[in-house]
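Asks: Sequence below, structure please.
(4 chains)
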4 protein chains.
Amino acid sequence: MEWTQEARVLSHHGLMAMLGAAVAKAEALNQPQCIVIVDASGEVLAELRMTGAKFLSRKSALAKARTAASIGAPSDAIPEAVRASIAAATGGAVTGLPGGLPIIQGGHRLGGIGVGSGSGDQDVAVGRAALAAIGITD
Amino acid sequence: MEWTQEARVLSHHGLMAMLGAAVAKAEALNQPQCIVIVDASGEVLAELRMTGAKFLSRKSALAKARTAASIGAPSDAIPEAVRASIAAATGGAVTGLPGGLPIIQGGHRLGGIGVGSGSGDQDVAVGRAALAAIGITD
Amino acid sequence: MEWTQEARVLSHHGLMAMLGAAVAKAEALNQPQCIVIVDASGEVLAELRMTGAKFLSRKSALAKARTAASIGAPSDAIPEAVRASIAAATGGAVTGLPGGLPIIQGGHRLGGIGVGSGSGDQDVAVGRAALAAIGITD
Amino acid sequence: MEWTQEARVLSHHGLMAMLGAAVAKAEALNQPQCIVIVDASGEVLAELRMTGAKFLSRKSALAKARTAASIGAPSDAIPEAVRASIAAATGGAVTGLPGGLPIIQGGHRLGGIGVGSGSGDQDVAVGRAALAAIGITD
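Replies: Sure thing, here's the model as predicted:
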């Protein structure tokens, strides 16, 4: 019986690389964004609100990041049929909105990134750019 | 007129037996779970987040446990038609999600158990295994 | 530059061993306890309220566990002079109460355990018994 | 009578420069930090939790940043004699802990930065390094 097991965590160098790549992508799309990165327990590691981004999108970006980190899949993988019930039961913590992506490397769940202020497609594109910066590609 | 009446409460030995049986069942199902047990007032008695379980399922498992303890029936006994209204009116405390079971023995309502991270059927199966460990079978 | 780094996490087998040892110690001391175990980000992994423990000690046990996990030292290592200020600035999350111990193994910070309902000495003794169960001794 | 007046706000390029300089200084001091930057309304603009920083210091760093942005002075300018009263009256939002600095340029109050996890001196040094990165020196 093992009392502990191996894991991996994001370093702040990884976080800065992710934020930088997210900003570059958002600028290329001409859509300022709120970007939130959480660890594998949903605690915030990094956050950036770009000039012109919707300030309340901080909240949805956080929910997206935490959802993706919790389920180990994109936030919009939450089935449509149960979104309202799960959102209610978790005080809004679980969301089915697109823009949350898990951060998984070598089988280890490192956390999640959530992006909000643009369209769903723009949010996802910015999240993917951030993941690519640390070598995670689909 | 009786000013007071007899009740029964779960002991921590009962709680540990429930957690142990829940873990064994979840491992048999190969689905890590969040397990929450509350007393007849909905206050947490015990909780376990298994390795690999979704951390936000702690929240929904708590809502399931509290709902079952409150109504004295499985959480999904809440009628579909009123789930959204009741969730709103209780700040999300009452949920119709499956996975919450009441803990009732000899006519005494001892509390509720909520399980989350798996499918509804898996969640209920783990809850039932925990109840069976203290002699409660359907 | 490293984007990620190695870590370790507690398994639920470790958590159950810790809860079991904590209960045994608390029974030996004849002092029921609330026991909370959190991960390295302060998110709850396991919790038990023993029969007869003060139910509001759940809250202080959580604060003790989170404080120890955050600072990587016993909760009462917070200097007396700044306890009130730090408690206020963190919404009560950081406490200087005794009974919180970090869970550190091989240089990895795995989380923290908080115990509450007894005297400070009793709380610490129960926490140490839990740590000893997974091979962590002072 | 003027119905509106000129203001200035931090751009996300300024935020990234501040975070980068804060990280460099914290690494030079060998003390990982939580860094939070807020705008002139106290709303979060950017945040970074460095590897090894105390996760609960996010909360105190936020209080420091908001206090400095609100009063337009370092957080520890709050007089000792009133700290407890003001903390109580503001739900912990105003803190006298050192490590919060206002971000003021050309007479415009742009926001505040809060740093936490180190000693008061280390926290202030990291905050100053971040300000220097955008041309603000004492």
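Asks: for the lengthiest strand in chain A, the distance to its chain's centre please.
Replies: Longest among the strand segments of chain A by residue count, using DSSP state E, is strand A:108-116. Distance, stretch centre to chain centre, for strand A:108-116: 4 Å (Cα atoms, centre = their mean, to the nearest Å).
Asks: Okay, buried residues for the helix or strand where A:Arg83 lies please.
Replies: Per DSSP states H and E: A:Arg83 is located in helix A:83-89. Going by neighbour count (16 or more other Cβ atoms under 10 Å in any protein chain shown), the buried part of helix A:83-89 is A:Ser85, A:Ile86, A:Ala87, A:Ala88, A:Ala89. (Each C-beta comes from the backbone N, C-alpha and C, glycine too.)
Asks: Report the rounded mean pLDDT for that helix.
Replies: Helix A:83-89 shows a mean pLDDT of 96.
Asks: Convert it to CSV, retaining C-alpha atoms only.
Replies: Only the C-alpha atoms of helix A:83-89 are listed here, as CSV (Å, rounded to 0.1, in the frame of the first residue of the first chain):
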residue,chain,number,x,y,z
ARG,A,83,-24.9,21.8,-16.6
ALA,A,84,-27.6,23.7,-14.7
SER,A,85,-27.9,21.1,-12.0
ILE,A,86,-24.1,20.7,-11.4
ALA,A,87,-23.6,24.5,-11.5
ALA,A,88,-26.3,24.8,-8.8
ALA,A,89,-24.9,22.0,-6.7
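Asks: next structured bit after it?
Replies: Remark: after helix A:83-89, the chain's next helix or strand is strand A:100-105, criterion DSSP H and E.
Asks: mind listing the strands for chain A?
Replies: Counting by DSSP E, the strands of chain A are A:4-10, A:34-39, A:44-49, A:100-105, A:108-116.
Asks: residues in chain A within reach of chain D, list them.
Replies: A:9-12, A:15-16, A:19-20, A:23, A:32, A:43-51, A:55, A:58 (Cβ under 8 Å from any Cβ of the partner chain).
Asks: Buried ones among the residues you listed?
Replies: The buried subset of these (16+ other Cβ under 10 Å) comprises A:9-12, A:15-16, A:19-20, A:23, A:32, A:43-50, A:58.
Asks: out of the residues you listed, who's near chain C?
Replies: Among those, the ones lying near chain C by Cβ under 8 Å from any Cβ are A:Val9, A:Leu10, A:Ser11, A:Glu43.
Asks: which ones are touching the last one?
Replies: With contacts defined as Cβ atoms under 8 Å, 6 or more residues apart in numbering or on different chains, the neighbours of A:Glu43 are C:Ser41, C:Gly42, C:Glu43, D:Arg49, D:Phe55, D:Arg58.
Asks: Any chance of these in JSON lines with pLDDT as columns?
Replies: Output for the contacts of A:Glu43, formatted as JSON lines (pLDDT from 0 to 100):
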{"residue": "C:Ser41", "pLDDT": "98"}
{"residue": "C:Gly42", "pLDDT": "98"}
{"residue": "C:Glu43", "pLDDT": "98"}
{"residue": "D:Arg49", "pLDDT": "98"}
{"residue": "D:Phe55", "pLDDT": "98"}
{"residue": "D:Arg58", "pLDDT": "97"}
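Asks: which among those residues gets closest to chain B?
Replies: If you rank the contacts of A:Glu43 by distance to chain B using Cβ to the nearest Cβ, C:Glu43 comes first, at 5.7 Å.
Asks: ok, the nearest residue to A:Arg66 once chain neighbours are set aside - contacts?
Replies: In space, and not counting its chain neighbours, A:Arg66 is closest to A:Gly42: 4.2 Å by Cβ to Cβ, 6 or more residues apart in numbering or on different chains. A:Gly42 sits next to A:Ala65, A:Arg66, A:Ala69, A:Ser70, A:Ala93, A:Gly111, A:Gly112, B:Phe55, B:Leu56, C:Ser41, C:Glu43 when contact means Cβ under 8 Å, 6+ apart.
Asks: For chain D, state which of the residues you listed is nearest.
Replies: Checking the contacts of A:Gly42 against chain D with Cβ to the nearest Cβ, the nearest one is C:Ser41 at 5.6 Å.
Asks: okay, now that closest one: neighbour count?
Replies: If you count neighbours by other Cβ atoms under 10 Å in any protein chain shown, C:Ser41 ends up with 22.
Asks: Return the residues of chain A in contact with chain C.
Replies: Chain A comes close to chain C at residues A:1-11, A:13-14, A:17, A:39-43, A:105, A:108, A:110, A:134-135, as judged by Cβ under 8 Å from any Cβ.
Asks: let's go with 7 Å and repeat that
Replies: A:1-11, A:13-14, A:17, A:39, A:41-43, A:105, A:110, A:134-135 (Cβ under 7 Å from any Cβ of the partner chain).
Asks: Buried only: go through the residues you listed for me.
Replies: Buried by 16+ other Cβ under 10 Å: A:3-4, A:7-11, A:13-14, A:17, A:39, A:41-43, A:105, A:110, A:134, out of these.
Asks: quick one: contacts for the residue most central in space within chain A?
Replies: With distances taken as Cα atoms, centre = their mean, A:Ile113 lies nearest the centre of chain A, 1.6 Å away. Residues counted as contacts of A:Ile113 (Cβ atoms under 7 Å, 6 or more residues apart in numbering or on different chains) are A:Met18, A:Ile35, A:Ile37, A:Ala65, A:Leu101, A:Ile103, A:Gly127, A:Ala130, A:Leu131.
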